[in-house]
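Undergrad: Need coordinates for the below:
(2 chains)
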Amino acid sequence: MIIVPIILIGIFIFKDFNVANYSFQLQLISSGLYGILILNTVLVFYDASISSSGLKKVLEEFYQRGKPIRSIRGMDEVLEELNKERKDAIYVVLLAVLSLVFFWAGEILSTIFFLSIGLVFVTMGLGTLLNITDTPKLQPAGLLDYHEPSLFPTKLDNIMTDVVEAFLDPLTLLVFDEYRGAISDELKWTKKSKIPRQTALERATEKIFFLNYLNQQLSEIVSNELMVFELAELLKDPEHIMQYPSFSSEIIQQVFQDMGTGAEGLFKLISKLIVELNENLGRFKQSDIYIDMAIPDVSIGLTKVNLFILLVNLSNDSNFKVGRPIQISISSEGFLPSETIVDLMLDPSEGFQVKSDKLEIANEGGEDVIGCVTELLQIGDALWIQLEPKNLGKKTLIVQILDPEDNRLLFGKNLITDIRFDTVGLARALVGKASAYFGLTFSLLKFILGGAQV
Amino acid sequence: MKLGKIPRVFLRGIVTVIPIGILILFVWGGFDFYVKPPTDLISKHWKTILIILYGIQIACAFLLYLSGSVGHFLFKRGLKKLKNEGKPYDNLPGISGIMKSYDTEKSRTQWAFIGSIILATVSLANFLFLINSSDPKFLRVLLHALAGSFGLLISYLAFSTPSLAFPRFRSFGLLDVYEPSEQVLYLDNILSDLIESQNDPLTKNYLDEYNAFLLEALENKDQFYEAKEKLYLLNVLQAEMPATMTDQMVEDELAELFGPEDVQQIINHPDFSFKKIQELVSKSSKRVPQFFKVITRLFLHLDENLYDFKSHALYLDIGYPIIATDVTPIFIFLFNNSEDHRTQPRRVKITLESTAFNPRRVEVEIDLDKKGDFKIESEKLPLTVPGDAEDLLKILSEVLEIGDGVLIMLQPVRFGVSSIIRCTIEDEEGYMIIGKTLNIQTKQNIIDKYVSKLFPK
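TA: Numbers count the residues shown, from 1 in each chain, chains lettered A, B, ... in the order given. Predicted structure coming up:
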């Protein structure tokens, strides 16, 4: 939808903006090019129509069964996105067909020929702006491309689970509870276990997500076999869960991929935690609280910036048996809101401790990094703060973690991020819109000015 | 659209389109239309066509004006009659808003009618007296331009005039013309409080009588609020999923609470029939769609994600639009599911902090209802089960009765941004229990900003 219009416009310029200079062969070639353009737009429209009507049919079937799934968060937006794509595609098809009709009519009236070229510009502009994504599949993870999450948790209790849940598209979200139910059925938990069943379930879910993340990032170290082996510590039949039809490992990793830069900070924190346990275990064991935070080094455009703060209470002090109070103060002058204060009660450490002096990534039957990180992600809490930059340039955030009893500073950090201009986004919008507006103006002016002389 | 409105919408369409059509002809003819019409077809019959078009325009504008005046007259007369009976309804909140709507309809249709006469007079005078005469061309063009401007004004007036239903002074009689200028902030019984607040001022006065009727029909008088929640819930679900929530199912559900002989009376109540309540539900769902989204989402959550619902000590859901152009409702629903607060209320503080809305920060401190003896024993809830057994409708009504809601209206002040609204729930000691960040795109409504200022209501 971009190359063909450029060729057509090129021919037009090459022939001195005059239809009379077109030879018969050139007219045939141009008609063929218009045909290709129309075919292309029709295919895009067909694809968009099938997707939109398919989703509507699925929704209708659910409603007939008494399940108003349109109310699931994000479903309306997905439907609107598909409808918009279909509507835009109709306009592009109409414009492409009209441009061919005007091209043929241009033989009789030269002004009409100018309209055809104008419409080619408009088609190209709209084609550039058209959001062409993969055909949505009406199954879990099939709508990820069309789903733009708009609700995010601020306090993360089960860190990976809560973040992943925020990015799930509506159809995947619908089966998430069923998936958790399947994990619950497979738990090795008994009434004699030290932890409650709910905690065991949360820990197992965290471990599944964490292992999938490692499998995606460090596939050579964390293989599928290792995942089965690690999960076997908590689940009776780990392979059944890994290949669960509506929530397989493949789907989970697809969700990770789709999360893109949205949860980049969280993954940075997890990677640092792995390194900390692997390389600086002595330092880690000495501290009674683990605090870390991350913000992207560079953010593109004046969109939201995600700050993640990970806090793990490691103290077994009897004073913190039900929880450990802390206060987080964020001073963010270059952003909105410019100040944030959160009082948080961190989860108790639940007797967590590392006995070994050195931890391997995976260790059969003994302590290892995978096991420790999983537990820490479940015990720990995290804050996910979104900030809106006021303008472009480097910005500093001052984050202080305080003991609320005496306002003593427990941990503090200056975080610097660079808010840069979104050149690619602007170029795309400009090329598309400028081409469409130019085409319209060109056609109208020529038509009005020329029309009076007809 | 109601059948009675169709003729008026049709009339409005004609009064809007004809002046624009004539203006296009003027422009096409280079403002010299009367001297040199653009095509042969028009030139042969153009005088007749124009006279017929103006005739239709004036007749339709008159009929529009007539209907606007009748609505205005009936409303004023009804209020006066009530006042004479010792009921000063004209001072009720919301009545002045309705009066203003009728005034607007009357005055706009009046101006559209007067404008149509002026348009026809100017155009036809131009055509009858100035054509082929020695008058300067600029005068002819000036008169055309004047007629064209009048035409555009008439089109706007006809297009923007509301087609208000004629007032009826009985329950739900003003529903079509009433637009609430206030919304409840705190909802104790979620559905009853919100739906009843959307009633027009007249219908609100029938509520006491209706409540007394329901109380009398109720077998267990202690279940009044729960029964009312269920009654509204059945209406909401029937409006949302008529294929699933059949009439028979509704009757069976009501029979669990009310005597079998009262069920039909409740469904066909003269003032609050289910048909009327569902009309109100449909109207309310357009005013605060986020509220109804939260309710149906809760229904689905209990149906599909029961385990998740049971495992959380506090259920939070937030209803909000993705795009905000005007006053934006944010609905926060909370259900206290904590074992520690079975016998005593749970104090929470809700804080909303926004980057592109006013007010920038809102804090509301409420006591969530105690959980009491509420519990869900089943692993999966069927939609309905005869008798007292656990089913989805019974549990959902209880959740809505125990749950609490806060509806906060925010006004966007910065446009064209992906704004952030932070919602935090803190416990009595100030520790965050749950926090959510909402992303809302704010967009400027160009028509509201510029056009409405040119032609204020």
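
Undergrad: Only C-alpha atoms from now on, for both contacts and neighbour counts.
TA: Fine.

Undergrad: What distance do you get for B:L314 to chain A?
TA: Distance of B:L314 to chain A, given as Cα to the nearest Cα, to the nearest Å: 13 Å.

Undergrad: and that residue, what are its bridge partners?
TA: With DSSP bridges applied, B:L314 shows beta-bridge pairing to B:N336.

Undergrad: So it sits against B:N337, correct?
TA: Yes: counting by Cα atoms under 8 Å, B:L314 touches B:N337, with 5.3 Å between them.

Undergrad: Around chain B, pick out the residues from the stretch 1-150 of chain A.
TA: By Cα under 8 Å from any Cα of the partner chain, the part of the stretch 1-150 of chain A that sits against chain B consists of A:Y63, A:Q64, A:R65, A:G66, A:K67, A:P68, A:I69, A:S71, A:I72, A:E77, A:S150.

Undergrad: Return the residues in contact with B:K230.
TA: B:K230 is in contact with B:L393, B:K394, B:S397, counting by Cα atoms under 8 Å, 6 or more residues apart in numbering or on different chains.

Undergrad: Which ones among the residues you listed map onto helices?
TA: Those of the contacts of B:K230 mapping onto helices are B:L393, B:K394, B:S397, per DSSP state H.

Undergrad: With respect to A:I379, which of the contacts of B:K230 is nearest?
TA: Set against A:I379, the nearest of the contacts of B:K230 by Cα to Cα is B:S397 (35.3 Å).

Undergrad: Excluding chain neighbours, what is closest to that closest one?
TA: Closest residue in space to B:S397, ignoring its immediate chain neighbours: B:K230 at 5.1 Å, by Cα to Cα, 6 or more residues apart in numbering or on different chains.

Undergrad: Please identify the residues of chain B in proximity to chain A?
TA: Residues of chain B lying close to chain A by Cα under 8 Å from any Cα are B:30, B:240-241, B:243-245, B:293-294, B:296-297, B:300, B:304-305, B:307-308, B:311, B:322, B:354-355, B:418-420, B:430-440.

Undergrad: So the closest residue to A:F247 other than its chain neighbours versus A:V322, what's the distance?
TA: Closest residue to A:F247 in three dimensions, ignoring its sequence neighbours and counting by Cα to Cα, 6+ apart: A:Y179, at 6.7 Å. Distance of A:Y179 to A:V322, computed by Cα to Cα, to the nearest Å: 30 Å.

Undergrad: Same drill for the two, tell me which one is more crowded.
TA: For A:Y179 versus A:V322, the count of surrounding residues by other Cα atoms under 10 Å in any protein chain shown is larger for A:Y179: 20 against 13.

Undergrad: can you tell me which residue is nearest the centre of the chain?
TA: Chain wasn't specified; assuming chain A. By Cα atoms, centre = their mean, chain A has its centre lying nearest to A:M259, at 3.5 Å.

Undergrad: oops, I was thinking of chain B
TA: Relative to the mean C-alpha position of chain B, the nearest C-alpha, by Cα atoms, centre = their mean, is the one of B:R287, at 3.9 Å.

Undergrad: circling back: my guess is the residue nearest to the centre of chain A is in a helix, correct?
TA: Yes: per DSSP: H, G, I helix; E, B strand; the rest coil, A:M259 lies within a helix segment.

Undergrad: Hmm, A:F167 and it touching each other?
TA: Yes: in this structure A:M259 lies within contact range of A:F167 using Cα under 8 Å: 6.5 Å.

Undergrad: Is chain B within reach of the strand ranked longest in chain A?
TA: Secondary structure of chain A read by DSSP state E shows that its longest strand is strand A:408-420. No: against chain B, strand A:408-420 shows no contacts by Cα under 8 Å from any Cα, the least distance being 15.3 Å.

Undergrad: shaky segments in chain A?
TA: Applying pLDDT under 70 to chain A flags residues A:107-112, A:129-138, A:432-433, A:435-436, A:439-440, A:442-454.

Undergrad: quick one: the strands in it?
TA: Here chain A has its strands, by DSSP E, at A:151-153, A:155-156, A:289-294, A:298-300, A:305-313, A:324-331, A:335-336, A:339-346, A:381-389, A:393-403, A:408-420.

Undergrad: mind checking which of those strands is nearest B:D367?
TA: Nearest to B:D367 among the strands of chain A is strand A:339-346 (20.0 Å), distances taken as Cα to Cα.

Undergrad: so how far is the closest one from its chain's centroid?
TA: Taking Cα atoms, centre = their mean, to the nearest Å, one finds strand A:339-346 lying 27 Å from the centre of the chain it belongs to.
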